[in-house]
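Q: below is the sequence, then the predicted model.
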Amino acid sequence: MLKVEVYVPRPHLERVLFNIGKEGLLHLVDVKEDFHDEVAKGFLKPIDVSARLYKISLLSARVERISSILNLTSSRPSEGLREEDVLSFSVSDCEAYLDFVERSLSSGDESAMERVREEHGEKVVRLNALLKALEALESAKAKAAETPNVAIFSGWLPKKLLRTFTDIVGRACDGCYVIKYEEPKAHGEAHREVKAPSLMRNPSWTKVYEGLVKGLGTLNYREIDPTIVWFFTFPIFFGLMFPDVGHGLVLLAFSIPLYYLKKKGFKGGEISNYIVQGAPVLIACAITSTIFGLIFGEFLGNPYSEHHPFHIFGLNPFSGTLAQFRELALSILGLPQEFHVLEPRGAIALLKLTIYVAIFHITLGLVFSVINKVRLKEYKEAIVGPGLWLWLYLGAGIAFIIYRSRLISAALGGDLMVFVLIWLPFIVMFVARSIFIGFLDGFGESLDHFIASLSNTISYARLFAFAIVHAVLSDVFLAVDHGLYKMIGAPFIGAVAGTMFFVFFEIVFVFFQALRLHWVEHGTKFLIADGVPFQPFTIKP
């Protein structure tokens, strides 16, 4: 992102802003903030647009009312905005025209309304668009300043658009211009006072995940954007908590029509629109649920249980190539070949897997935090803050991998390896922070991060817990003795009714649990999210 200052001849200001607005390139800022002293001394004068802007707003309201009476919408055919129409617009001529149209409608006669609609409908629609553009243009001019001969405006511009921006300005003012630009300062008071707006740039296939990131706030300009990482980890977490081939396919069947509606530009209520726009996330979650269901051996519950339809009819959904894939996946994940989440050995193995996932995810968040500090050139903070915490957490993670269930006894028993991996980084963290931020604050932060390392890791056990809950609930609805089979009397109907009853609610719960792990345990490690969104000045035709 570049901070640009543009100097153009005063008569060309409107033309330059109009052409910039058509392309939507520049995030305008009030130039008077950058030239406060010059304005105070009278060298620069703010551009007063209040009177003209007020008149244009009144005209726009009148056109909106006429459009409502004639039942006109912007979807009616209309020409694009032309530069000459904007620059030669006359308030008095527009007032006279609207007076004429309103007099024609004053009788309230249906035939008169139809005649006005036929004769003036298209022009009213174009006039409505023109007035909206003029309102935006006048508001943009209010952020500029002028001398008797020169107009000045400033804003933020994506670096790769500098050449395009320069060409547009040059054409609009016949090559008579000056553009100054600089990159935002990375540290110090200037960084805190003037925030560069942030523009998230991600591949199109990850765009929907930007909404999950924005849920924490607007990213700071120099913060790492985790959208691509979350594109992979969010569905994986969902699949770990909702592992079932059948239920994953049910979710997929529900998500595909939503994706079709999204492609068709569906606009519904606030909640329904969120669901439709999030269809790609649901599809990804459905796919990972199906994959983990295959790995965990779940197909509408445990197909090997005595009351499952597959078992009753002698069917095995996990045979042949699928069985080979399952064996390979179980080996990669470190799970036993005879794995099932409701068996003690399988449950313990899954719990260990979730701890490994926690170590990876939290470590990644701390690495991102160190990178963010380095980007801001806050090197001391990078080392004393997330750097030392990363050392402590990595050491604890390595100690867990080595000692596993013996870790607590080894930590309390004075084991040398545990001292080097856990207690040494904690002591260094405490001493370093006590030196830089004081004894009490240093001890408090160090203890807080030590406890957070443990509590955050334990929080990932929800991946294990919800997988267990899912398996239990699936089994309940298939149980002959007390499930829906006996209550309804038909195994197929019971399976369908039970599945539809809890799948929807479990999807909602699991989705929010995956979101919590990304927001709280992971995102808060490195995201401050105190930025300003990039909002380019735009004039839409």
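A: Received it, and whenever you're ready, just let me know what you need. Residues are numbered from 1 along each chain as shown.

Q: so which residues of the protein form strands?
A: 2-9, 27-29, 45-46, 145-146, 150-157, 178-182 (DSSP state E).

Q: by mean pLDDT, which helix or strand of this structure comes out lowest?
A: When each helix and strand of the chain is scored by mean pLDDT, DSSP states H and E, helix 189-193 comes last, with a mean of 46.

Q: circling back: can you put the strands of the chain in JSON lines and add mean pLDDT, distance to Val472 and mean neighbour count?
A: No exception for glycine: its C-beta is placed from N, CA and C like everyone else's. Output for the strands of the chain, formatted as JSON lines (pLDDT from 0 to 100; distance: least, Cβ to Cβ, whole Å; neighbours: other Cβ atoms under 10 Å):
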{"stretch": "strand 2-9", "mean pLDDT": "94", "distance to Val472": "57", "mean neighbour count": "20"}
{"stretch": "strand 27-29", "mean pLDDT": "94", "distance to Val472": "52", "mean neighbour count": "20"}
{"stretch": "strand 45-46", "mean pLDDT": "90", "distance to Val472": "68", "mean neighbour count": "14"}
{"stretch": "strand 145-146", "mean pLDDT": "92", "distance to Val472": "68", "mean neighbour count": "20"}
{"stretch": "strand 150-157", "mean pLDDT": "94", "distance to Val472": "53", "mean neighbour count": "23"}
{"stretch": "strand 178-182", "mean pLDDT": "93", "distance to Val472": "61", "mean neighbour count": "13"}
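
Q: closest one to Tyr209 among the ones you listed?
A: Nearest of those to Tyr209, taken as Cβ to Cβ: strand 27-29 at 23.4 Å.

Q: near the nearest residue in space to Asn456 that is not next to it in sequence, how many other residues are there?
A: Leaving aside its chain neighbours, Asn456 sits nearest to Glu521 (4.7 Å; criterion: Cβ to Cβ, 6 or more residues apart in numbering). Glu521 has 21 neighbours, counted by other Cβ atoms under 10 Å.

Q: identify the spatial nearest neighbour of Ile528, chain neighbours not counted.
A: Nearest non-adjacent residue to Ile528 (Cβ to Cβ, 6+ apart): Asn220, at 5.6 Å.

Q: ok, now which ones touch the one you found?
A: Contacts for Asn220 were tallied using Cβ atoms under 8 Å, 6 or more residues apart in numbering; they are Lys195, Ser198, Ile528, Ala529, Asp530, Gly531.

Q: between the residues you listed, which is closest to Leu353?
A: When the contacts of Asn220 are compared for distance to Leu353 (Cβ to Cβ), Ala529 wins out at 30.3 Å.

Q: was I right to think the closest one contacts Thr218?
A: Yes: assessed by Cβ atoms under 8 Å, Ala529 is found in contact with Thr218 at 6.2 Å.

Q: show me where pLDDT drops low in the stretch 251-400 of the chain?
A: Scanning the stretch 251-400 of the chain for pLDDT under 70 picks out 302-318.

Q: let's see 50
A: Applying pLDDT under 50 to the stretch 251-400 of the chain picks out no residues at all.

Q: for stretch 517-529, list every residue counted as buried.
A: Going by neighbour count (16 or more other Cβ atoms under 10 Å), the buried part of stretch 517-529 is Leu517, His518, Trp519, Glu521, His522, Gly523, Thr524, Lys525, Phe526, Leu527, Ala529.

Q: need those in a markdown table with distance to Gln337 and pLDDT, can you?
A: Below are those laid out as a markdown table (distance: Cβ to Cβ, whole Å; pLDDT from 0 to 100):
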| residue | distance to Gln337 | pLDDT |
| --- | --- | --- |
| Leu517 | 28 | 96 |
| His518 | 31 | 96 |
| Trp519 | 36 | 95 |
| Glu521 | 31 | 94 |
| His522 | 31 | 95 |
| Gly523 | 36 | 93 |
| Thr524 | 38 | 92 |
| Lys525 | 36 | 93 |
| Phe526 | 38 | 93 |
| Leu527 | 40 | 92 |
| Ala529 | 44 | 87 |
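
Q: got the residues you listed as JSON lines, with distance to Leu258 columns?
A: As requested, the buried residues of stretch 517-529 are exported to JSON lines (distance: Cβ to Cβ, whole Å):
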{"residue": "Leu517", "distance to Leu258": "24"}
{"residue": "His518", "distance to Leu258": "22"}
{"residue": "Trp519", "distance to Leu258": "23"}
{"residue": "Glu521", "distance to Leu258": "28"}
{"residue": "His522", "distance to Leu258": "27"}
{"residue": "Gly523", "distance to Leu258": "26"}
{"residue": "Thr524", "distance to Leu258": "30"}
{"residue": "Lys525", "distance to Leu258": "32"}
{"residue": "Phe526", "distance to Leu258": "32"}
{"residue": "Leu527", "distance to Leu258": "28"}
{"residue": "Ala529", "distance to Leu258": "28"}
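
Q: now, which of the contacts of Asn220 sits nearest Ile398?
A: The closest of the contacts of Asn220 to Ile398 turns out to be Ile528 (Cβ to Cβ; 28.8 Å).

Q: need the contact list for that closest one.
A: Contacts of Ile528 by Cβ under 8 Å, 6+ apart are Gly217, Asn220, Glu223.

Q: for Cys176, phi and psi?
A: Phi and psi for Cys176, reported as degrees, to the nearest 10, are phi -100, psi 90.

Q: so it makes contact with Arg15?
A: No: contact criterion Cβ under 8 Å: Cys176 and Arg15 do not qualify, at 11.7 Å.

Q: who has more neighbours, the two?
A: The residue with more neighbours, out of Cys176 and Arg15, is Arg15; 20 against 12, by other Cβ under 10 Å.

Q: ok, the more buried one - contacts?
A: Arg15 touches Glu83, Leu87, Ala172, Cys173, counting by Cβ under 8 Å, 6+ apart.

Q: for burial, what's the neighbour tally of the last one?
A: When counting by other Cβ under 10 Å, one arrives at 20 neighbours for Cys173.

Q: I figured it hits Pro9, correct?
A: Yes: using Cβ under 8 Å, Cys173 is in contact with Pro9, at 6.0 Å.

Q: which neighbours do those two share?
A: Contact criterion Cβ under 8 Å, 6+ apart; residues shared by Cys173 and Pro9: none found.

Q: how close does the closest residue to Leu53 other than its chain neighbours get to Lys22?
A: Leaving aside its sequence neighbours, Leu53 sits nearest to Glu138 (Cβ to Cβ, 6+ apart; 4.3 Å). Going from Glu138 to Lys22 by Cβ to Cβ, to the nearest Å gives 16 Å.

Q: ok, the two, which is more surrounded?
A: Set side by side, Glu138 and Lys22 show more neighbours around Glu138, with 21 against 18, by other Cβ under 10 Å.

Q: and the buried ones among the contacts of Arg15, selectable in PyMOL?
A: With 16+ other Cβ under 10 Å as the criterion, this PyMOL line picks the buried residues out of these:
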select buried, resi 172+173
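
Q: make CSV out of the contacts of Arg15 and add distance to Ser289 and pLDDT.
A: Compiled in CSV, the contacts of Arg15 are given as follows (distance: Cβ to Cβ, whole Å; pLDDT from 0 to 100):
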residue, distance to Ser289, pLDDT
Glu83, 54, 86
Leu87, 58, 89
Ala172, 54, 92
Cys173, 58, 90
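
Q: and which of the contacts of Arg15 is nearest Gly42?
A: Proximity of those to Gly42, judged by Cβ to Cβ, is greatest for Cys173, which lies at 25.1 Å.

Q: quickly note the distance from His12 to Asn149.
A: For His12, the distance to Asn149 (Cβ to Cβ) stands at 11 Å.

Q: try Glu33
A: 22 Å.
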